[in-house]
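> Show me how the following folds:
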Amino acid sequence: MIDLIILWIYKILLGILPVVLTGVLAYIAHAFWLHYVQANFISGIEWVLLEIVPPRDVLRSPRAMELFITNALYHSSQKSGLESYWIGAVWFWFSLEIVSIEGQVHFYIRVPSRVKSLIETQMYAQYPQAQVKEVEDYTLAVDEITADSKYNLWGCEFKFTKPDAYPLKTYIDYGLDKDPKEEYKVDPISPVVELFGSIGKGEQMWMQIVITPSKKKFHTKGTWFKSHDWVAESELQVRKALAEFTNLRPRPDGTMSKEIRAPAFMDEMIKGAARKFLKVGFDTGVRICYVAKREAFNMNNRRNMRLIFRQYAAPYSNELTRFNSTQSDAFATGETSVSSFFPATRATITRLSNRMLLEYREREFFHPPMRHKIRLPWPLSPYIFPNFFHHHIMIMNTEELATLWHFPGQILKVPTLERIESKEASPPTNLPT
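As a prediction, the model looks like this:
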């Protein structure tokens with residue numbers, strides 16, 4: 001009897017196996033095809049780098065930059081199956097950058113050439129006295145990072161310490177939405193610009209915030225295949241945080257009522273989370289690099305760059321922490337430091353630095369090479385794929401992005417930050433033709 005049962009199970013498995021293998025192979029083939037057509041579509045995008053020279057007097061709060069990001073950079077549309085799976089069409093992404101070349105600070109936006117005119121008009125709508133000009137990509141001036149190259153590079157990426165639902169400390173928390181007088185402004189971007197303006201000859205500091213309208217999905221608990229967006233996930237995170245302080249109380253009519261008594265220290269966290277998902281959200285990747293000629297490379301500047309986002313930290317809510325650093329503890333994970341017992345070799349660090357340069361130059365986060373889809377646990381991953389890191393995509397809303405990337409006010413007297421020194425005026429309408 002047992003032999004018959006075993007034989008019956010064997011025949012069932014033998015019949016199912018071809019179906020399962022066919023499904024697995026079809027899934028793999030689909031993944032490779034989608035990657036191929038998307039890569040082909042992306043290769044046809046023409047990119048331009050726009051430098052934004054801020055006006056001499058920036059009198060508007062970062063709310064103006066928030067409006068620019070919403071109107072100019074949120075390119076979301078429904079794509080047909082033909083566009084998505086045959087043409088390989090993807091949503092555009094953009095890179096907001098602050099760069100220092102030997103202490104000269106610049107603001108850049110990298111955009112597809114198709115939307116260049118839209119970017120210009122929306123920037124002039126918020127900052128009429130600014131100047132927008134197309135420039136060469138500054139990263140092309142840095143050669144490949146090798147053991148014998150003239151440049152050294154250190155870089156890292158950043159991620160949230162808590163779920164995406166919780167925001168950073170923003171310009172509203174600093175009171176900049178109320179447009180205080182210049183002498184009373186406390187602008188969180190000032191330390192970044194000051195640091196970038198302090199470096200010397202042969203040194204460069206780069207910061208990029210790569211964004212695209214959020215498509216991030218979260219698995220819906222209790223289902224097999226359903227998912228929900230970041231707004232619904234944010235609401236679930238808030239409810240989860242309040243669950244411990246939620247009680248059911250009976251009413252006189254026999255029904256139950258909910259009573260929430262959260263401690264006062266949670267008020268700001270809950271308000272911040274609610275304010276975050278009421279605004280437009282972007283999938284976001286953040287990366288920084290310190291590049292310098294070998295004779296000018298300053299370890300102190302490398303350490304200083306790690307701290308450039310500390311002013312945005314709200315421990316009760318969220319903050320940015322660095323990871324994927326191109327240094328000896330490169331493969332130490334956030335949960336355990338066991339891999340730091342086996343530090344990366346100098347050759348590995350050099351290859352990681354060169355990979356960081358290439359990914360920065362490509363503004364790569366959302367459509368990485370196929371190898372990023374193969375996720376192996378430590379210690380397999382660093383040894384099988386030793387020259388790159390897996391990226392982390394987080395969600396920031398327009399308020400957070402405008403806080404991280406906006407023009408400082410006149411109170412910041414950094415001489416190496418280029419500004420438009422004279423105001424431009426339109427000609428009189430009654431001039432003779």
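> Show me what the strand or helix carrying Thr350 is packed up against.
Using DSSP states H and E, the element containing Thr350 is helix 346-362. Applying 3 or more Cβ pairs under 8 Å, 6 or more residues apart in numbering; DSSP states H and E, we find helix 346-362 packed against strand 151-160, strand 281-293. Placement of C-beta: from N, CA and C, glycine included.
> please redo it, this time with the cut-off set to 10 Å
In terms of contacts (3 or more Cβ pairs under 10 Å, 6 or more residues apart in numbering; DSSP states H and E), helix 346-362 is packed against strand 94-101, strand 151-160, strand 203-213, strand 281-293, helix 380-384.
> Next, the buried residues of it.
Thr348, Ile349, Thr350, Arg351, Leu352, Ser353, Asn354, Arg355, Met356, Leu357, Glu359, Tyr360 (16 or more other Cβ atoms under 10 Å).
> wait, isn't the last one in contact with Ile145?
No. Between Tyr360 and Ile145 there is no contact under Cβ atoms under 10 Å: 11.1 Å.
> For those two, list the residues in contact with both.
Residues touching both Tyr360 and Ile145 (Cβ atoms under 10 Å, 6 or more residues apart in numbering): Leu153, Gly155, Val291.
> Quick check: pLDDT value at the second one.
Right, the one you point to is Gly155. Looking at Gly155, its pLDDT is 93.
> gap between it and Glu66?
Gly155 is 28 Å from Glu66, where distance means Cβ to Cβ, to the nearest Å.
> ChimeraX command for the buried members of the shared contacts of Tyr360 and Ile145?
Buried members of those, defined by 16+ other Cβ under 10 Å, are picked up in ChimeraX with:
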select :153,155,291
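> Can I get stretch 313-325 in CSV, CA atoms only?
What follows is stretch 313-325, C-alpha atoms only, in CSV (Å, rounded to 0.1, in the frame of the first residue of the first chain):
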residue,chain,number,x,y,z
ALA,A,313,17.8,64.0,11.4
ALA,A,314,14.7,63.7,13.7
PRO,A,315,15.4,60.6,15.9
TYR,A,316,11.7,60.4,16.9
SER,A,317,10.8,60.3,13.2
ASN,A,318,13.5,59.5,10.6
GLU,A,319,17.0,60.2,9.5
LEU,A,320,19.5,59.2,6.8
THR,A,321,22.3,56.8,7.5
ARG,A,322,25.1,56.0,5.1
PHE,A,323,25.8,52.5,3.6
ASN,A,324,27.6,51.1,0.6
SER,A,325,30.7,53.1,1.5
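> Just give me how far it sits from the chain centre.
Put simply, stretch 313-325 sits 13 Å off its chain's centre (Cα atoms, centre = their mean, to the nearest Å).
> buried set for that stretch?
Ala314, Ser317, Asn318, Glu319, Leu320, Arg322, Phe323, Asn324, Ser325.
> just curious, which of those residues is nearest to Pro191?
Leu320 (13.9 Å; Cβ to Cβ).
> isn't that closest one right up against Phe309?
Yes. The criterion here is Cβ under 10 Å, and Leu320 meets it with Phe309 at 4.4 Å.
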